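> Sequence plus the predicted model coming up.
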Amino acid sequence: MRDLAVRARVPFADTVTAHSLRAGGATVAYAAGVPVAVIARHGRWAPGSPGVLRYIRAVDRRRDNAMRNVGL
């Protein structure tokens, strides 16, 4: 995986891992509105597994902040 990133001249290729690609794919799909169940099936997570949720990252930390609208 890393070798392909280096050959493609991806910035910071030495830090690319399969985990990075899996998390990136899940995050981009979720941000595009793809349902979590569909992301899980595509990423081959077990049906109903909460594991997929650990791979979806906050895209915009301000917008995606859980405390943003609680009046604090």
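Thanks, I have it.

> Please count neighbours and contacts with C-alpha atoms only from this point.
Fine.

> In three-state terms, how would H19 be classified?
Three-state call for H19 (DSSP: H, G, I helix; E, B strand; the rest coil): helix.

> since we're on it, how many residues are nearby?
10 (other C-alpha atoms under 10 Å).

> Also R2?
15.

> Show the model's pLDDT score for the nearest residue to it once chain neighbours are set aside.
Once flanking residues are discounted, R2 sits nearest to V16: 5.6 Å by C-alpha to C-alpha, 6 or more residues apart in numbering. V16 carries a pLDDT value of 76.

> what's the distance between V16 and W45?
Between V16 and W45 the computed distance is 21 Å (C-alpha to C-alpha, to the nearest Å).

> Could you do P35 as well?
From P35 to W45 the distance is 14 Å (C-alpha to C-alpha).

> Can you read off the pLDDT for V38?
Here the pLDDT value assigned to V38 is 95.

> Ok, A26 next?
93.

> Look up how far R7 lies from it.
Relative to R7, A26 is positioned 24 Å away (C-alpha to C-alpha).

> and what of Y30?
29 Å.

> P35 and W45: who's more crowded?
Neighbours were counted for P35 and for W45 using other C-alpha under 10 Å; W45 has more, 14 against 11.

> shouldn't that one be in contact with V52?
Yes. Shown here, W45 and V52 form a contact pair, counting by C-alpha atoms under 8 Å, at 6.5 Å.

> what number of residues lie near the residue nearest to R2?
17.
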